[in-house]
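K.L.:
here is a sequence together with a model predicted from it:
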Amino acid sequence: MSNSLRDQLLKSGLVDEKKLRQERQNRKKHKGRKGGAKPAAQDSAALELRERQAQRSRELNRKQQEAAERKARAAQIRQIILDQRLPREDGDQPYHFQHGDKVRSIHVTGEQRDGLVRGQLGIVTLAGGYELLPRDGLEKVRERDAGRVVVFNEPDGTTGTRPDREDDPYAGYEIPDDLMW
């Protein structure tokens with residue numbers, strides 16, 4: 001029962017081994033030609049379909065890579081902030097600043113307030129809250145995402161003056177650093 005057709009033909013003597021080998025070789029040669037020639041329209045349609053699929057795959061890969069890069073950048077920023085943030089538990093003075101169109105405040109020490117005014121410290125956002133960072137940490141965060149830096153006073157040597165307006169009648173008066181509003 002388990003005899004194949006080839007074995008049965010050999011036993012009956014209708015076919016010999018030489019003819020079987022020759023037939024097997026002919027089948028291998030002509031296997032690729034089975035359906036005949038395809039029309040050119042089918043070839044071009046199949047080629048166009050493959051090209052569209054490849055384009056879609058490239059676009060999807062690009063989007064996935066961009067998402068992975070954004071996620072890695074966010075993790076780097078979070079790590080920088082957590083590593084370099086300054087403690088504010090002893091903060092006894094409120095420091096007011098504008099974020100978006102709202103005025104926010106955090107409690108800082110007197111030294112931290114002076115550092116914020118002089119540009120040695122800055123404020124960044126982290127998970128809906130605000131953290132104090134030193135200047136080098138702020139630069140690292142700014143390189144990766146400038147939108148996270150909320151307050152950073154550039155030290156230009158003109159603290160307390162207003163050099164941007166020449167016609168300002170109060171240009172000769174300096175604003176005290178310890179002014180609280």
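P.N.:
That came in fine, so what should we check first? Residues are numbered from 1 along each chain as shown.

K.L.:
when you work out contacts or count neighbours from here on, use the C-alpha atoms and nothing else.
P.N.:
Will do.

K.L.:
in the chain, which residue is closest to the centre?
P.N.:
residue 70 (1.8 Å; C-alpha atoms, centre = their mean).

K.L.:
by contact count, what packs against the helix or strand hosting it?
P.N.:
Element membership for residue 70 (DSSP states H and E) is helix 40-84. The criterion is 3 or more C-alpha pairs under 8 Å, 6 or more residues apart in numbering; DSSP states H and E, and the helices and strands that helix 40-84 contacts are strand 129-134, helix 135-144.

K.L.:
show me how far it is from its chain's centre.
P.N.:
How far helix 40-84 lies from its chain's middle: 11 Å, per C-alpha atoms, centre = their mean, to the nearest Å.

K.L.:
name the strands paired with the helix or strand following it and say parallel or antiparallel.
P.N.:
Downstream of helix 40-84, the first helix or strand assigned by DSSP H and E is strand 93-99. Using DSSP bridges, the strands paired with strand 93-99 in its sheet are strand 102-108 (antiparallel).

K.L.:
for the strand it pairs with, which positions count as buried?
P.N.:
106, 107, 108 (16 or more other C-alpha atoms under 10 Å).

K.L.:
got it, and stretch 70-77?
P.N.:
In terms of neighbour count (16+ other C-alpha under 10 Å), stretch 70-77 has its buried residues at residue 77.

K.L.:
before we move on, what about stretch 137-149?
P.N.:
Here stretch 137-149 shows 137, 138, 139, 141, 148, 149 as buried, counting by 16+ other C-alpha under 10 Å.
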